[in-house]
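Peer 1: Would you be able to build a 3D model of this:
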Amino acid sequence: MHTPGKTMLASLGIFIGIIIFGAHVIVENYNQTVAPDKPLVLMDLRLEQDNLQVTLLGDTLELPFKSIRVREIWPTTRVEIEHLVDIIEQRLKMMQQLVYEIKGWP
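Peer 2: Purely as a prediction, here's the structure:
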């Protein structure tokens with residue numbers, strides 16, 4: 001027998017997931033259709049001096065951030081993440097070229 005709390009929690013999780021997925025699709029379509037100079041991102045985190053900048057759909061919120069340990073770890077993990085993103089982008093471009101060749105597109 002399900003308890004109402006678990007069912008409500010599962011429903012809330014599914015609902016929030018659908019909302020986030022919809023927002024992601026909207027942002028991607030906006031960036032492809034409008035092609036702004038600075039593409040809109042759903043969420044971006046940046047560590048600048050003693051502030052953590054959180055950007056949600058273009059709105060930036062600055063939070064004071066004074067953890068020494070995280071400041072030491074952040075650059076290395078960020079560099080690793082950026083490297084992985086570059087590898088993924090290269091592979092996606094190769095896949096896109098293959099799809100264009102298969103479909104006969106220019």
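Peer 1: Please make it C-alpha for all contacts and neighbour counts, starting now.
Peer 2: OK.
Peer 1: State the number of residues packed around Glu28.
Peer 2: 15 (other Cα atoms under 10 Å).
Peer 1: Give me the secondary structure label for it.
Peer 2: Local secondary structure at Glu28 is given as helix here, using DSSP: H, G, I helix; E, B strand; the rest coil.
Peer 1: Give the residue spans of the protein that score low on pLDDT.
Peer 2: Within the chain, the stretches with pLDDT under 70 are 1-2, 65-76, 106.
Peer 1: Please parse the chain into its domains.
Peer 2: Per the TED database, the structural domains of the chain span 1-34, 42-103.
Peer 1: what's the neighbour count on the closest residue to Leu56 other than its chain neighbours?
Peer 2: Once flanking residues are discounted, Leu56 sits nearest to Met43: 4.7 Å by Cα to Cα, 6 or more residues apart in numbering. Neighbour count of Met43, defined by other Cα under 10 Å: 13.
Peer 1: buried residues in the one helix or strand Ala10 maps to?
Peer 2: Assessed by DSSP states H and E, Ala10 sits inside helix 4-34. Across helix 4-34, burial judged by 16 or more other Cα atoms under 10 Å covers His24, Val27, Asn31.
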